[in-house]
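J.: this is a predicted model, with the sequence first.
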Amino acid sequence: MGLELYLDLLSQPCRAIYIFTKKNGITFQQHTVELLKGQHLSDAFAQVNSLKKVPAMKDGDFILTESVAILLYLAHKYKVSDNWYPQDLQARARVDEYLAWQHTTLRRNCLRALWHKVMLPVFLREQVAPEILAATLAELDMTLQLLEDKFLQNKAFLAGNCISLADLVAITELMHGLGCHSSLSPLPETGGEWS
């Protein structure tokens with residue numbers, strides 16, 4: 001059996017893996033695990049990932065979980081273009097630095113904003129207190145400023161002169177985080193810019 005990926009494209013880490021494989025021409029069999037239907041909690045999926053979380057990957061008998069581990073495995077196995085995960089030690093360290101930082105900062109704060117702004121009120125019909133929502137968005141603002149000051153620094157890419165795994169992971173997180181931010185809303189009937 002070839003490469004198998006267990007994904008739900010509602011999940012930011014799953015989207016990063018999906019985009020990476022498609023962009024790099026990596027062939028895989030996709031198994032959709034619908035989070036909103038609780039499919040990740042099933043006994044069948046627990047046979048793939050006992051942690052009951054997506055993404056998960058099977059490569060023959062080898063099973064791997066955690067999005068960053070999967071991305072690194074795929075980058076090595078398929079010998080993708082060097083820009084994704086550079087061979088140069090210091091350039092690679094910059095990608096690693098971002099990937100380590102984002103789990104406890106950008107990912108956490110974007111996910112919290114998504115839950116407080118969308119998931120709880122829309123899907124669970126639970127309103128979040130305005131002061132909690134404001135604090136969540138303020139923390140997201142601080143994290144975005146750290147992202148700008150520490151990693152982006154007026155450059156086009158986070159960890160070098162071209163796109164890397166750091167950029168891919170960041171953009172999939174920012175798609176949700178910025179979309180939930182109260183000061184960002186689409187202009188009516190323009191289909192265009194964010195204000």
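T.: Okay, I see it. Numbering: from 1, shown residues only.
J.: so for K23, what's the pLDDT?
T.: The model reports K23 with a pLDDT of 97.
J.: ok, the one 4 residues further on next?
T.: pLDDT for T27: 97.
J.: quick check: it touching G2?
T.: Yes - taking contacts as C-beta atoms under 8 Å, T27 lies within contact range of G2: 6.7 Å. Any C-beta I mention is one placed from the backbone N, CA and C, and that applies to glycine too.
J.: and stretch 17-27, which residues are buried?
T.: By 16 or more other C-beta atoms under 10 Å, the buried positions in stretch 17-27 come out as I17, Y18, F20, T21, I26.
J.: quick check: L64 is in a strand.
T.: Yes - when the secondary structure is assigned by DSSP: H, G, I helix; E, B strand; the rest coil, L64 falls within a strand.
J.: number of nearby residues for it?
T.: L64 has 16 neighbouring residues, counting by other C-beta atoms under 10 Å.
J.: next, the buried residues of the helix or strand where R112 lies.
T.: Here R112, judged by DSSP states H and E, is contained in helix 106-114. Residues of helix 106-114 classed as buried by neighbour count (16+ other C-beta under 10 Å): L106, R107, N109, C110, L111, R112, A113, L114.
J.: how near is the fourth one to P55?
T.: The reference is to C110. Using C-beta to C-beta, to the nearest Å, we find C110 at a distance of 17 Å from P55.
J.: tell me the buried residues in stretch 149-160?
T.: Buried positions in stretch 149-160, judged by neighbour count with 16+ other C-beta under 10 Å: F151, L152, F157, L158, A159, G160.
J.: how about the helices in the chain?
T.: Listed in chain order, the helices of the chain (DSSP state H) span 12-23, 43-46, 67-77, 89-104, 106-114, 130-146, 165-179.
J.: how about those helices in TSV, adding distance to L35?
T.: Compiled in TSV, the helices of the chain are given as follows (distance: least, C-beta to C-beta, whole Å):
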stretch	distance to L35
helix 12-23	9
helix 43-46	11
helix 67-77	14
helix 89-104	19
helix 106-114	12
helix 130-146	21
helix 165-179	13
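J.: L124: which of those helices is closest?
T.: helix 106-114 (12.7 Å; C-beta to C-beta).
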